[in-house]
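S.K.: A predicted structure for the sequence below; I have some questions about it.
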Amino acid sequence: MAARSLEDLGWNDALEEEFAPHAEAGWVPARLIRDNKITYGALYVKEGAFEEVEVVLGGKVYHDAATDADLPAVGDWVALEVGAAEGETVIRARMERRNRLSRKAAGQSTEEQVMVANVDVVVVVTEAGPDFNPRRMERFFAIIGRSGAKAVVLLNKCDLYSREENEAAAAALLALNPDAAVHIASAQEKLGLKALKNYFTKGVTVAMVGSSGVGKSAIINQLLGGDEFQWTGEVNEITGKGRHTTTARELMVLRKGGIIVDNPGIREVQMWTDESTLRERFADIEALAAECRFHDCKHASDTGCAIRKAVAEGGLAEERYTGFLKLDAEIEKLRERTKTRRMTEERRSKRDHKIKARNRADRIDIERDLKPRA
């Protein structure tokens, strides 16, 4: 078995420099591979081999996090105190993230949910059949664009659909995002999966996302069980797992190089992005918006709307126009909720400061009254 190194996990010179103060404290660098809600799974290197350990969150890291999104997540690099005084291995610090793949947490929350930290490539698994949804893909492309990772789409189950259907789906995806790489494949028939090989190189983190039932786990099983790619023996022996089934978000290192982060099936892709990213994803619509009669055109019922004119004349697909409006409205709603939450937190902070100041003044008065008079 070849010796393992931190570079296999994505370690680099920048992380080495940032970690220097933690090394002086006797802590060791590790990458989080699993979030168990109460504890985490972490992977570090010990004597040339990977060591997996269950770790707990240190109090300072927890209290320094302004939001849940600032807490450690799968893919994060952390500083561990191995076998701390309390008998547990403790996360003492979270390293600065290079990037993160995030969505808005489900429900009415305005919280950001970090799916993967420090990711290089995001592979969205879908198909040319019932799961194919251009509007959902627009959302995937938006959050991937925000992360800065490379967007890759794998059209799985190609054996179930005609060549024309598969190629039409691929063309539609490229129309949405010309910078994306689109591959047609079948995990069942072991077709087209070699296209993924180029993405798995030493230290490169590839996140796999998609709906339940599109064959994501079957694809990962092909990678984990093949001769070219295999889940590292060290991790496999520790976890005792055979064929891979997604039950939680998990990071796995491949023996031939590269890192997979598998995610549970995503039912909804709620936006956690900003206006600039939205404009990049809909550059064609933004160009049309510049031709609207009024600069504050809402593109709904306003007179002289160039976007609605393009839809009416067949120059812009109605579905893409509708998708743009929905995403724009969703981001605006998120912005308003975030603003409201921020104002509420500021009011609470001011109230707490006033209460503390009043209590301090009362304590001074009491101490003055109790002080013996000369």
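M.R.: That came through fine.
S.K.: so where do the strands sit in the stretch 51-200 of the chain?
M.R.: Per DSSP state E, counting those that start in this stretch, the stretch 51-200 of the chain carries strands over the ranges 77-81, 89-94, 100-104, 112-117, 121-127, 150-156, 181-184.
S.K.: how about these, which one is nearest residue 213?
M.R.: Closest approach to residue 213 among those (Cβ to Cβ): strand 121-127, 9.2 Å. Bear in mind the C-beta positions are built from the backbone N, C-alpha and C, glycine included.
S.K.: looking at the closest one now, give me its mean pLDDT.
M.R.: In this model, strand 121-127 has a mean pLDDT of 94.
S.K.: residues in contact with that strand?
M.R.: If you take Cβ atoms under 8 Å, 6 or more residues apart in numbering as the criterion, strand 121-127 is touched by 101, 116, 132-133, 137, 140, 144, 147, 149-158, 160-161, 169, 196, 199, 204-211, 214-216, 219.
S.K.: buried subset of those?
M.R.: Neighbour counting by 16 or more other Cβ atoms under 10 Å classes 101, 116, 132, 137, 140, 144, 147, 149-158, 161, 169, 196, 199, 204-211, 214-216, 219 among the contacts of strand 121-127 as buried.
S.K.: just list the residues touching residue 94, thanks.
M.R.: Under the criterion of Cβ under 8 Å, 6+ apart, the neighbours of residue 94 are 61, 71-72, 76-79.
S.K.: between these, which is nearest residue 16?
M.R.: residue 77 (10.7 Å).
S.K.: burial count for the closest residue to that closest one other than its chain neighbours?
M.R.: In space, and not counting its chain neighbours, residue 77 is closest to residue 95: 3.9 Å by Cβ to Cβ, 6 or more residues apart in numbering. Each residue near residue 95 was counted by other Cβ atoms under 10 Å, and the total is 20.
S.K.: repeat for residue 203
M.R.: Neighbours around residue 203, by other Cβ under 10 Å: 17.
S.K.: and the residue nearest to it when sequence neighbours are not counted, how far from residue 306?
M.R.: Spatial nearest neighbour of residue 203, excluding adjacent residues (Cβ to Cβ, 6+ apart): residue 10 at 4.4 Å. The gap separating residue 10 from residue 306 is 45 Å, by Cβ to Cβ, to the nearest Å.
S.K.: counting neighbours, go ahead and name the busier of those two.
M.R.: Each of residue 10 and residue 306 has its neighbours counted (other Cβ under 10 Å); residue 10 has more, 22 against 19.
S.K.: that one touches residue 206, doesn't it?
M.R.: No. Contact criterion Cβ atoms under 8 Å: residue 10 and residue 206 do not qualify, at 11.0 Å.
S.K.: overlap of the contact sets of those two?
M.R.: Common neighbours of residue 10 and residue 206, counting by Cβ under 8 Å, 6+ apart, are residue 259.
S.K.: circling back: for the residue nearest to residue 203, grab phi and psi.
M.R.: Residue 10 has phi and psi values of phi 100, psi 10 when expressed as degrees, to the nearest 10.
S.K.: what domains does the record give for the chain?
M.R.: Residue ranges for the domains of the chain, per automatic domain parsing: 6-94, 100-262, 282-374.
S.K.: can you say which of these is packed in most?
M.R.: Per residue and on average, the most neighbours among the domains of the chain fall to domain 100-262, with a mean of 19 (mean count of other Cβ atoms under 10 Å).
S.K.: mind checking how far it is from the chain centre?
M.R.: In terms of Cα atoms, centre = their mean, to the nearest Å, the centre of domain 100-262 is set 13 Å apart from its chain centre.
S.K.: which ones are touching the spatially most central residue of the chain?
M.R.: Per Cα atoms, centre = their mean, the C-alpha nearest to the average position across the chain is that of residue 101, at 2.2 Å. By Cβ under 8 Å, 6+ apart, residue 101 lies in contact with 114-117, 119, 122, 143-144, 147, 149, 207.
S.K.: redo that, cut-off 6 Å
M.R.: By Cβ atoms under 6 Å, 6 or more residues apart in numbering, the contact list for residue 101 reads 115-116, 119, 147.
S.K.: just the CA atoms of stretch 93-112, as PDB, please.
M.R.: C-alpha atoms of stretch 93-112 as PDB (Å, rounded to 0.1, in the frame of the first residue of the first chain):
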ATOM      1  CA  ALA A  93      -9.900  25.600  14.900                       C
ATOM      2  CA  ARG A  94     -11.400  25.700  11.400                       C
ATOM      3  CA  MET A  95      -9.200  26.700   8.600                       C
ATOM      4  CA  GLU A  96     -10.100  29.400   6.100                       C
ATOM      5  CA  ARG A  97     -12.300  28.000   3.300                       C
ATOM      6  CA  ARG A  98     -11.200  28.300  -0.300                       C
ATOM      7  CA  ASN A  99     -14.800  28.100  -1.300                       C
ATOM      8  CA  ARG A 100     -18.100  26.400  -0.500                       C
ATOM      9  CA  LEU A 101     -21.100  24.900  -2.200                       C
ATOM     10  CA  SER A 102     -24.200  26.200  -0.500                       C
ATOM     11  CA  ARG A 103     -27.900  26.400  -0.800                       C
ATOM     12  CA  LYS A 104     -30.600  27.900   1.300                       C
ATOM     13  CA  ALA A 105     -31.700  25.600   4.100                       C
ATOM     14  CA  ALA A 106     -35.100  24.000   3.400                       C
ATOM     15  CA  GLY A 107     -38.300  25.700   4.700                       C
ATOM     16  CA  GLN A 108     -38.800  29.400   5.600                       C
ATOM     17  CA  SER A 109     -35.300  29.700   7.100                       C
ATOM     18  CA  THR A 110     -32.900  32.400   5.800                       C
ATOM     19  CA  GLU A 111     -30.000  30.300   6.900                       C
ATOM     20  CA  GLU A 112     -27.200  29.100   4.500                       C
END
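S.K.: pLDDT of that stretch, averaged?
M.R.: For stretch 93-112, the mean pLDDT works out to 79.
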